[in-house]
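Enquirer: What would the 3D arrangement of this be:
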Amino acid sequence: MPSVVVTFDFRERERAVVADALSGVADPVFISDLDPSGRAAALKEAVAVLARNTNQELQPGEPELLTSAPDPVHDRGDRLHKAEPAA
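Expert: Have a look, this model is predicted:
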């Protein structure tokens, strides 16, 4: 299943809300729980990022690792959610 990286820290209840919202579509990955190599791997694999302020939440060099996330201007998120064909 695709992953959505969450760059800011949530309490357990908030994490459950995010997980429920993404249920069946993507797995949330909270990078505040990961070591540097885990953060790098998660950012490279992410199809989307949930962030408040990436300038504060990402470490130097991490924004460049977001190679899998869709371009919000040119990509309608097809990799995250496959739209059903029109009937």
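Enquirer: If I look at L66, what pLDDT would I see?
Expert: L66 carries a pLDDT value of 87.
Enquirer: make that D78, sorry
Expert: 53.
Enquirer: just use 57 as the starting number from now, easier for me
Expert: From this message on, residue numbering opens at 57, which makes the last subject D134.
Enquirer: What sits closest to A96 if chain neighbours are left out?
Expert: L121 (5.7 Å; CB to CB, 6 or more residues apart in numbering). Every residue, glycine included, has its C-beta placed from N, CA and C.
Enquirer: thought the one you found was touching G94?
Expert: No. Counting by CB atoms under 8 Å, L121 sits too far from G94 to count as a contact (11.9 Å).
Enquirer: what's the overlap in contacts for those two?
Expert: Residues touching both L121 and G94 (CB atoms under 8 Å, 6 or more residues apart in numbering): none.
Enquirer: Looking at those two now, which is surrounded by more residues?
Expert: For the pair L121 and G94, the greater number of neighbours falls to L121 (19 against 12), based on other CB atoms under 10 Å.
Enquirer: residues contacting the more buried one?
Expert: 96, 99-100.
Enquirer: So how do I select the buried members of the residues you listed in ChimeraX?
Expert: Restricted to buried positions by 16 or more other CB atoms under 10 Å, the ChimeraX selection for the contacts of L121 reads:
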select :96,99
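Enquirer: Can you list the residue ranges for helices in this protein?
Expert: Here the chain has its helices, by DSSP state H, at 68-78, 92-101, 110-113.
Enquirer: do you know which of those helices lies nearest M57?
Expert: With CB to CB as the measure, helix 68-78 is the member of these nearest M57 (9.1 Å).
Enquirer: Any idea how far that closest one is from the middle of the chain?
Expert: Its chain's average C-alpha position is 13 Å from that of helix 68-78, according to CA atoms, centre = their mean, to the nearest Å.
Enquirer: And for it, what's in contact with it?
Expert: By CB under 8 Å, 6+ apart, helix 68-78 touches 60, 62, 66, 84, 86, 106.
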